[in-house]
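Enquirer: fold the stuff below for me.
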Amino acid sequence: MNQNLSMQIQLEGHTDYRGSKKLNMELSQDRVSAVKEYIVGKGINSRRIKTKAFGGTRPLIRESSLEASEINRRVEVRILKL
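Expert: Below you'll find the model as predicted:
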């Protein structure tokens, strides 16, 4: 982002789908907020970073194993503009 000053991204937060939907949504928002804060701390303008929380609505793996839950807990980066 330092090399491409017009780049804009969206951080997308996810959780596993177990537990409270409301709490999972809050947790996924907390995750993207933490990543955004880190990137902004590296000198990137916050207006270039959008955030979106999905909670457990978009799992990569639909299994109940511990490994699947760990994979589903993530933040993805989507490039919106180059």
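
Enquirer: any chance you could list what contacts the worst-scoring helix or strand of the chain on mean pLDDT?
Expert: The helix or strand of the chain with the lowest confidence, counting by mean pLDDT, DSSP states H and E, is helix 66-72 at a mean of 94. By C-beta atoms under 8 Å, 6 or more residues apart in numbering, the list of residues contacting helix 66-72 from outside reads His14, Thr15, Asp16, Tyr17, Arg18, Gly56, Pro59, Leu60, Ile61, Arg62. (C-beta placed from N, C-alpha, C; glycine too.)

Enquirer: what packs against the helix ranked longest in the chain?
Expert: When the chain is scanned for its longest helix (criterion: DSSP state H), the result is helix 21-41. Using 3 or more C-beta pairs under 8 Å, 6 or more residues apart in numbering; DSSP states H and E as the contact test, the elements touching helix 21-41 are strand 8-14, strand 49-53, strand 74-81.

Enquirer: TSV for those strands, including mean pLDDT and mean neighbour count?
Expert: Conversion of the helices and strands packed on helix 21-41 to TSV gives the following (pLDDT from 0 to 100; neighbours: other C-beta atoms under 10 Å):
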stretch	mean pLDDT	mean neighbour count
strand 8-14	98	20
strand 49-53	98	18
strand 74-81	98	13
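
Enquirer: make TSV from those strands and add distance to Gln29 to it.
Expert: Formatted as TSV, those follow (distance: least, C-beta to C-beta, whole Å):
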stretch	distance to Gln29
strand 8-14	6
strand 49-53	4
strand 74-81	11
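
Enquirer: for Met25, find the nearest of these.
Expert: Closest approach to Met25 among the helices and strands packed on helix 21-41 (C-beta to C-beta): strand 49-53, 5.5 Å.

Enquirer: that closest one pairs with which strands, parallel or anti?
Expert: When pairs are called by DSSP bridges, strand 49-53 turns out to pair with strand 8-14 (parallel).

Enquirer: just want the angle from the strand it pairs with to helix 21-41.
Expert: Following axes from the mean of the first three to the mean of the last three C-alpha atoms, to 10 degrees, one obtains 150 degrees for the angle between strand 8-14 and helix 21-41.

Enquirer: mind listing what's buried in the longest helix of the chain?
Expert: Taking 16 or more other C-beta atoms under 10 Å as the basis for neighbour counts, the residues of helix 21-41 that come out buried are Asn24, Met25, Leu27, Ser28, Gln29, Arg31, Val32, Val35, Lys36, Ile39.

Enquirer: cheers, nothing more for now.
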